[in-house]
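J.: coords please:
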Amino acid sequence: MTDPAMYPNPEQHPHGRPARSKRRIWPWLVGVPVLLFGACSIALVSNLGGDTEATVTAGPDDAAGGDAGADRGPDFPGKLDHDTAAPAGATITRDDLAYTLTPLESVETMFSSSLCSTVTIDNVGTAQNDFNGYTDWSLQDPSGAIRDATFGTDRPMLNSGKIAPGGRATGSVCFDNPTGAAPGTYVVLFEDTFSLSTDRLAWINTL
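T.: Numbering: from 1, shown residues only. Presented below is the predicted three-dimensional model:
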């Protein structure tokens, strides 16, 4: 007589092989977003903590600018609490980058009228640093309107990139001025687009 134990039980293994255990996918679905969120939070906190107090160095035509580093610099219409201001021609240093702006000048071409300033950025730190020639810059006019930087002039423009320690980047930042420069106070503003800080640097021009 044949022993029934010699044959597999079809109810236990209907296809002749043991059933595979199901892998648990949910820990990965939960764990990966948590890790990504943590990494982003660390990066944002590091970026926020990297900002240092800005200091002002007087320009060659600003004999009174020597004490500007002791506070936030001169006032201008619309100045915010954490803005650091200086007269055009002065150097403002923050986060190991020293920014020097020449006074605004009118630039006329066949197709446009602009107000332009030549920007020089020196990396005075020991690490590579980023710079941006368009999204970080704006101009406040005498009416209080703030204009974004623009293209279209025949001047060498300040582009975007990185500056090695001890290196320098230079070029112009320009702003549309279709109606001509009305007399008054013009303020060139710098605000780092990729920083959590809202502190602005400002260079005051009187035209």
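J.: Now do the helices in this protein.
T.: With DSSP state H as the criterion, the chain has helices at 26-49.
J.: Convert the C-alpha atoms of the lengthiest strand in it to PDB, please.
T.: With secondary structure taken from DSSP state E, the chain has its longest strand at strand 113-123. The C-alpha coordinates for strand 113-123 follow below in PDB (Å, rounded to 0.1, in the frame of the first residue of the first chain):
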ATOM      1  CA  SER A 113      17.900 103.500 -21.900                       C
ATOM      2  CA  SER A 114      19.400 102.100 -18.700                       C
ATOM      3  CA  LEU A 115      21.000 103.000 -15.400                       C
ATOM      4  CA  CYS A 116      24.100 100.900 -14.800                       C
ATOM      5  CA  SER A 117      26.700 100.300 -12.000                       C
ATOM      6  CA  THR A 118      29.900  98.400 -12.300                       C
ATOM      7  CA  VAL A 119      30.100  95.700  -9.600                       C
ATOM      8  CA  THR A 120      33.300  94.200  -8.300                       C
ATOM      9  CA  ILE A 121      33.100  91.100  -6.000                       C
ATOM     10  CA  ASP A 122      36.200  89.900  -4.200                       C
ATOM     11  CA  ASN A 123      36.300  86.600  -2.300                       C
END
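J.: Sheet partners, orientation included, of that strand?
T.: strand 97-101 (antiparallel), strand 105-108 (antiparallel), strand 168-176 (antiparallel) (DSSP bridges).
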